[in-house]
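Kindly generate the corresponding structure for this input.
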Amino acid sequence: MSPQPSLDTRKKEAFITVVFFAFAGIVAAVQAWTYRYYVSADSISYLDMSDGVFPGAGWDRLITGTWSPLYPFLLGSARLLSPDPYHEVALGHLLNVVIFVGGLGAFEFFLRNAIPRESVPDSRSEYVFLPRWAYLLIGYTVFLWASIVCITMKSLRADMLMAVFVLLAMGMLLRIRELGASWGRYLLLGAILGLGYLAKTPILPIGILILASGVILARDWKRALPKAVASGAVLLAIGSLYFIPLSLKRGGFTLGESSSYNYLAHVAWTGGAPWYLQEMGRGTGTGTFLHRAARIYDQPSVYSFSIGESVTYPIRFDPAYWARGVTPRFHLGAQLRALVINLKLYRDIFERTGGVAAMLVAMWFLSGGGRRAIAGIATQWPVWFIGASGLAMYAFVHVEDRYVGVFCVLLWMGLLLGLSVPATLVKRVAPLVAWGLAASILIPIIATVGFHAAAGRETHDWEAEVAQALTHAGIRAGDKVGRISPGYNDFAWARIARVIVVTEVAIERADSFWESSPTQQEAVLRAMAAADARIVVAYVPGDFTPAGWQRLGRTPYWMRWLNPTPHL
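Alright, predicted model coming up:
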């Protein structure tokens with residue numbers, strides 16, 4: 001039986017936990033506050049979906065082929081506390097901080113079940129694991145890096161929520177390994193995975209691997225298999241809250257369409273992920289697009305789009321809707337190109353955490369290297385295997401920091417937790433490794449978050465001012481508008497004003513509108529008016545005053561009437 005930690009050791013662990021939780025909460029809150037006015041186009045889609053929580057909006061608003069329903073459900077529930085549209089973005093960032101705190105708790109649950117029991121030095125052993133306080137400090141640091149640097153509190157997205165359920169599921173898997181495969185633990189694991197699937201659909205393939213790992217870990221796999229099947233049934237039962245209404249909406253069975261859309265956008269179409277996918281071609285996919293954004297003007301390109309619903313930005317409300325009719329097909333050349341791109345992105349991610357690589361290399365040699373190190377790492381295979389599987393899953397389609405942060409944590413912690421050090425060196429090695437890694441990661445985080453907070457302390461909410469100016473000009477909820485802007489993330493004004501963007505100059509060509517002749521500009525505006533836009537709102541670069549346009553408050557946004565028919 002392993003010796004128990006002393007009272008002083010337990011106090012040290014408790015001190016590290018309390019201090020780090022408080023520190024991490026402050027960092028997350030500061031980052032969320034700094035970006036309290038910021039939303040991405042995806043965030044606007046989540047906000048539009050969250051309207052489904054409100055009476056009269058219809059629960060089907062929560063169901064799209066691309067975005068899963070749990071995060072917008074939570075977002076809508078939070079908005080019930082303060083339905084003022086001018087506060088909903090800031091309220092969403094506050095929700096992100098609450099989810100982050102939940103993520104800290106989930107990581108604590110995972111880490112407490114993952115740390116080797118033999119982490120207290122034993123004079124009878126030649127090699128021992130690091131003390132628990134060192135694992136706690138390293139683990140918390142890596143988790144904070146994944147949350148603040150990769151996932152971030154900057155925008156309203158479901159990635160932190162997904163990380164919560166991945167960590168809870170891994171903690172439960174390790175508890176099953178330690179305490180046995182009881183029915184209760186397996187059913188709880190299925191519930192965690194089911195809720196995770198409602199957060200983001202990539203949980204489904206990862207959940208299957210976690211359940212399979214549980215069967216392999218069991219002392220008697222034949223007795224564990226029925227429990228794993230029951231756990232999978234619970235996963236699907238909870239997940240049916242999403243895939244059944246989606247299947248009814250689509251007229252055919254589907255578990256979600258984000259994977260097929262992303263494969264089509266990032267792999268089958270070899271130019272990258274276009275905003276107007278159907279205009280760029282289907283790449284290596286087969287079939288015909290059922291829905292198209294109409295190209296209503298050339299040079300610069302202007303598009304109009306509608307999905308028949310009152311949503312802020314129809315072209316991004318459900319990207320899978322616009323990809324329907326085309327099936328992505330495997331093409332070796334396209335797949336290899338995507339893989340090379342994504343591996344370069346992984347290289348960039350790992351280079352930003354050189355302290356982790358240095359720590360693992362040092363621990364490898366200290367553990368004796370070779371077979372001894374491999375044997376130790378093998379004992380933690382469920383942790384690093386799920387981490388590596390998540391990274392591999394995205395590597396073949398599309399990699400973004402926010403997607404893979406939690407899987408980097410699992411990979412690194414799985415490798416670290418299997419490595420031991422000579423008992424004679426542990427007292428010197430543990431502080432060097434733990435505090436060295438913490439400093440290499442935390443100092444840049446503090447500097448970056450602090451710098452952005454200082455730079456953004458006088459940030460003005462331009463988007464809200466634009467929405468207010470539009471209201472004063474006579475624009476009402478439900479009005480259709482056009483847009484000219486080179487930005488992919490400046491849509492909050494439209495959401496706050498509750499207008500519908502039905503036409504825009506192609507985002508990557510927006511600046512060329514101002515470079516074109518007055519005759520061309522007027523032709524573009526006529527095309528937008530023909531698309532039923534009442535006004536057009538434009539981001540005007542520089543400090544010139546466009547003739548015939550009205551500035552919206554003190555912002556760099558201007559408006560132009562197209563169809564100034566008054567409301568009845």
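
Low-confidence bits of the chain, can you list those?
By pLDDT under 70, the weakly predicted segments of the chain are 1-7, 117-125, 270-274, 278-282, 457-459, 565-568.

which residues in it form strands?
Under the criterion DSSP state E, the chain carries strands at the ranges 127-128, 286-287, 294-297, 302-304, 326-327, 421-422, 480-484, 500-505, 535-539, 550-551, 557-561.

any chance of those strands in TSV, plus distance to residue 51 and mean neighbour count?
All C-beta atoms are positioned from the backbone trio N, CA, C, and that covers glycine. Below are these laid out as TSV (distance: least, CB to CB, whole Å; neighbours: other CB atoms under 10 Å):
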stretch	distance to residue 51	mean neighbour count
strand 127-128	56	20
strand 286-287	32	12
strand 294-297	26	16
strand 302-304	23	23
strand 326-327	29	18
strand 421-422	55	18
strand 480-484	18	25
strand 500-505	13	25
strand 535-539	22	23
strand 550-551	29	13
strand 557-561	24	20
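
Go through these and name the closest to residue 276.
strand 302-304 (5.8 Å; CB to CB).

which one is residue 35 nearest to, not counting chain neighbours?
Nearest non-adjacent residue to residue 35, counting by CB to CB, 6 or more residues apart in numbering: residue 154, 4.3 Å away.

Then residue 189?
If the residues on either side of it in the chain are set aside, residue 189 comes closest to residue 172, at 4.5 Å by CB to CB, 6+ apart.

how near is residue 140 to residue 40?
Here the criterion is CB to CB, to the nearest Å. By it, residue 140 lies 28 Å from residue 40.

Residue 359 too?
When distances are taken as CB to CB, residue 359 and residue 40 turn out to be 33 Å apart.

One more: residue 514?
Here the criterion is CB to CB. By it, residue 514 lies 24 Å from residue 40.

Next: residue 151.
The span separating residue 151 from residue 40 equals 13 Å under the rule CB to CB.

More neighbours: those two, which one.
residue 151 (27 against 18; other CB atoms under 10 Å).

my guess is the more buried one contacts residue 407, does it?
No - using CB atoms under 8 Å, residue 151 makes no contact with residue 407, being 11.4 Å away.

Need phi/psi at the closest residue in space to residue 219 that isn't next to it in sequence.
In space, residue 219 comes closest to residue 180 once its chain neighbours are excluded; the distance is 7.5 Å by CB to CB, 6+ apart. Phi and psi for residue 180, reported as degrees, to the nearest 10, are phi 110, psi 160.

Next, count neighbours for residue 180.
The number of residues near residue 180, taken as other CB under 10 Å, comes to 13.

Show me where the stretch 351-500 of the chain has its helices.
With DSSP state H, counting those that start in this stretch as the definition, the stretch 351-500 of the chain shows helices at residue ranges 354-366, 370-378, 381-395, 401-417, 426-455, 462-472, 492-497.

Mind putting those helices into a markdown table with mean neighbour count and distance to residue 318?
Shown next, in a markdown table, are those (neighbours: other CB atoms under 10 Å; distance: least, CB to CB, whole Å):
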| stretch | mean neighbour count | distance to residue 318 |
| --- | --- | --- |
| helix 354-366 | 17 | 37 |
| helix 370-378 | 14 | 42 |
| helix 381-395 | 19 | 21 |
| helix 401-417 | 24 | 19 |
| helix 426-455 | 16 | 32 |
| helix 462-472 | 20 | 23 |
| helix 492-497 | 24 | 16 |
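
do you know which of these lies nearest residue 263?
The minimum distance between residue 263 and these falls on helix 381-395, with 11.4 Å, by CB to CB.

And the contacts of the closest one?
Among residues not part of helix 381-395, those counted as contacts by CB atoms under 8 Å, 6 or more residues apart in numbering are 114, 166, 170, 173-174, 177, 202, 205-206, 209-210, 213, 217, 339, 342-343, 346, 377, 403-404, 406-415, 417-418.
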